[in-house]
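K.L.:
Quick one, what's the 3D model for this:
(one chain, ligands or ions: 1)
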Amino acid sequence: MEDLFNKVPCRESQLNDLFNLFGEYDEPLPCSLFLSGSMGTGKTLCLTSVLRYLGYKHVIIDCIECYSPKIIYETILSGLNTTETDSKCESILDFTNALNRIELNLTQYQPIVVIFDRAERLRNMDQSIICVFLRLRELCNLNICTLLVTHLVYDSFYFKMGVREPIKIYFPNYNKEELFKIIFLHQESFTQYVLSSHEVDKEIKTELNKPELFANFLNAFLSVFYRPCRDLIELQHMARINFVKYCEPIIRNEIQAQDLSKLWRHISPILKTSLELLYLRLSSNKSYKPSPGKENTDNMETVNYNFEKTLKEELTCTKTFAQSFELPYYAKFLLIAAYLASYNPPKEDKRLFMKNHGKQRKRLQQVKAKAKINEKLNTQLGPKVFTLDRLLAIFYAILEEKIGLTSNLLAQIATLVELKLIAGSKEIDLDTAKYKCIVGYDFISAVAHTVSFNVRKYLYDFM
Ligand SMILES: Nc1ncnc2c1ncn2[C@@H]1O[C@H](COP(=O)(O)OP(=O)(O)OP(=O)(O)O)[C@@H](O)[C@H]1O
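P.N.:
Below is the predicted model of the structure:
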């Protein structure tokens, strides 16, 4: 058991609670438990470690994957390895009947734990379902315990009646010392990660393997990252990236592993820059490499500067900016439609967006006129105003699938206005609303790229 407590540090009280509640093999389990705490606070880890240690039968239901009651019932039954898996289980009655039938196959007091991970999703289902799960013990004769695991507090689960209050266990966020202790557990894997991407001689390898080096780095790292981020998973990810950078001057023999102040001066600007990348998970292919000839310490600042510049460029480039909005699928098409409406003359819409638009005769006058206009491209003249019905017409023309005009769709136009990607009124009025798309070509082509749409093909300027 000591081994388990060492593997899951800083969670002694929660582990003890779980051990006490689950008790001995032949003792009755509590009816239901409620585990809450922010993401990455070790809820799943503690629970699975305890259950594995005790050897209790358990089924984990991910409420995102099991999105309907039927799938939940069937996953529980198949998780219990019963012969009932083939039979259909459509309702609560079928489910409890099936549980009562399997009872015969199990030893009478065999403990069974059913875990609902991301249990907040259960709130979207019929209220009776969650009530049934919370008092499953009473509905069948099994020694069964239901466990809800969620990042919400208990008060966010509204029940009307018929609920037996579960026993609650709270997982608070880790403080700085605890985060240090947990990340430090994986010191070896961090060092292996550095060694896997660099060739180093034996002497340096010994230096890199020293726990003191990693401890020093982690202290420096947490002094910068602890304030803006408490998420263990993100911290581990950022620490992994930055530890490589911390070790690089040591590998290049530019800084001694013991020279803490030089190492701090080297890593502190890099840490500050990578703070801006928290949660972004940008591609790390552009990681900086010193160009040949820049191998002494004097050039280190230039290297750092270049690295910062690359990161800043990546952050400020239009593509990253466009993607950072994370627009939904139809909103992207609405924005593209708005761009096309702003930069194409309305009289060309028929030719651009309709399949059978008929032939257009080219009169000399027209050719001349076009040549004249082309001197000033629409895309350079700035956006023109368009009406809502024109926007919707273009939207439906460029969208291959046919979807209904719902209030959801119209609300997305209001969102685009709110995000300042389109200028206009937030009130959607088919008769009077006028809009203007205010994003540039680079932005729209980055957005269009994500939905595999070629904007150039539909722009009058490029015809
Ligand atoms: N005390 C700890 N000791 C060691 N590792 C930990 C500890 N707490 C969390 N972790 C690690 O953090 C990661 C996330 O933990 P876990 O999945 O248990 O969190 P969670 O609270 O269940 O998160 P979520 O709500 O997102 O499911 C895992 O990789 C786990 O190993």
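
K.L.:
Can you give me the end-to-end span of stretch 1-13?
P.N.:
End-to-end distance of stretch 1-13 (Cα to Cα, to the nearest Å): 14 Å.

K.L.:
how far does it sit from the chain's center?
P.N.:
Stretch 1-13 has its C-alpha centroid displaced from the chain centroid by 29 Å (Cα atoms, centre = their mean, to the nearest Å).

K.L.:
So is that stretch next to the ligand?
P.N.:
Yes. Counting by Cβ under 6 Å from any ligand atom, the ligand has neighbours in stretch 1-13: 8-11. Quick note: C-beta positions are derived from backbone N, CA and C, even for glycine.

K.L.:
Could you find the closest non-adjacent residue to the residue of the stretch 251-400 of the chain found nearest the ligand?
P.N.:
At 14.2 Å from the ligand, residue 279 is the closest residue in the stretch 251-400 of the chain, using Cβ to the nearest ligand atom. Closest residue to residue 279 apart from its sequence neighbours, by Cβ to Cβ, 6 or more residues apart in numbering: residue 234 at 6.1 Å.

K.L.:
just to revisit the earlier point, filter the residues of stretch 1-13 next to the ligand down to the buried ones and hand me the PyMOL line.
P.N.:
Command for PyMOL that selects the buried part of the residues of stretch 1-13 next to the ligand, burial taken from 16 or more other Cβ atoms under 10 Å:
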select buried, resi 8+10+11
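
K.L.:
Out of the residues of stretch 1-13 next to the ligand, name the ones that lie in helices.
P.N.:
Judged by DSSP state H, helices contain none of these.

K.L.:
Take the residues of stretch 1-13 next to the ligand and lay them out in a markdown table including pLDDT.
P.N.:
Shown next, in a markdown table, are the residues of stretch 1-13 next to the ligand (pLDDT from 0 to 100):
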| residue | pLDDT |
| --- | --- |
| 8 | 92 |
| 9 | 92 |
| 10 | 93 |
| 11 | 94 |
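
K.L.:
which among the residues of stretch 1-13 next to the ligand gets closest to residue 252?
P.N.:
residue 9 (34.5 Å; Cβ to Cβ).

K.L.:
So what's the residue count around residue 201?
P.N.:
The local packing of residue 201 (other Cβ atoms under 10 Å) involves 9 other residues.

K.L.:
Per-residue confidence, it, what does it come out as?
P.N.:
Looking at residue 201, its pLDDT stands at 85.

K.L.:
show me the contacts for it.
P.N.:
Residues in contact with residue 201 (Cβ atoms under 8 Å, 6 or more residues apart in numbering): none are found.

K.L.:
which residues sit in contact with residue 18?
P.N.:
46-47, 50, 169.

K.L.:
Which ones among the residues you listed lie within strands?
P.N.:
Among those, the members falling in strands (DSSP state E) are residue 169.

K.L.:
which of the contacts of residue 18 sit farthest apart?
P.N.:
50 and 169 (11.1 Å).

K.L.:
Tell me the one of the contacts of residue 18 nearest residue 456?
P.N.:
Residue 456 lies nearest to residue 47 out of the contacts of residue 18, by Cβ to Cβ, at 53.4 Å.

K.L.:
how about the host helix or strand of the residue nearest to residue 279: buried residues?
P.N.:
For residue 234, the host element (DSSP states H and E) is helix 232-251. Buried residues in helix 232-251, counted by 16+ other Cβ under 10 Å: 232, 234-236, 238-239, 242-251.

K.L.:
and the ligand, which of the residues you listed contact it?
P.N.:
Among the buried residues of helix 232-251, the ligand is touched by residue 232 when using Cβ under 6 Å from any ligand atom.
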